[in-house]
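Participant: Generate coordinates for the sequence data below:
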Amino acid sequence: MAFLYDPMVRESPRSSHIVDWGSHETNLEVERRVTADKASPVFHTFIFPLEKEAWYYVGALRWTPMPLKDIWESLLPKVQEKAVSPR
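Facilitator: Alright, predicted model coming up:
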């Protein structure tokens, strides 16, 4: 299971991307754990968006780490700014 507090999410008709959810060190550790378990990178995922102040189950999602540069151009400027700001 995965619980993401105030994640930055980018959604499109074909896919969803969790752009950021913690400190740089936390994000690297999660990426390491996701890629270590090749057999089952599917996580029942819950998010807590601050503006809603509640936990939401978003589903059993297959997590695949990818470089931010692959989706950078599709992000809104305010999301790009938040992505590079320290938490």
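Participant: If you tally nearby residues, what's the number for Trp21?
Facilitator: 19 (other C-beta atoms under 10 Å). To be clear about C-beta, it is placed using only N, CA and C from the backbone, and glycine gets the same treatment.
Participant: Touching, it and Tyr5? I think so.
Facilitator: Yes: at 7.0 Å, Trp21 counts as touching Tyr5 under the criterion of C-beta atoms under 8 Å.
Participant: Share the number of residues neighbouring Thr26, please.
Facilitator: Around Thr26 there are 12 residues (other C-beta under 10 Å).
Participant: in what helix or strand does it lie?
Facilitator: Using DSSP states H and E, Thr26 maps to helix 24-36.
Participant: What's the first helix or strand after that helix?
Facilitator: Counting by DSSP H and E, what follows helix 24-36 is strand 42-48.
Participant: So what pairs up with Phe48 in the strands?
Facilitator: Tyr5 (DSSP bridges).
Participant: isn't it right up against Trp21?
Facilitator: No: assessed by C-beta under 8 Å, Phe48 is found out of contact with Trp21, at 10.0 Å.
Participant: residues bridging contact with those two, i.e. touching both?
Facilitator: Residues within reach of Phe48 and of Trp21 at once, by C-beta atoms under 8 Å, 6 or more residues apart in numbering, are Leu4, Tyr5, Asp6.
Participant: Tell me if I am right that Val79 is in a helix.
Facilitator: Yes: with DSSP: H, G, I helix; E, B strand; the rest coil as the criterion, Val79 is located in a helix.
Participant: give me every residue that touches it.
Facilitator: Met8, Arg10, Val19.
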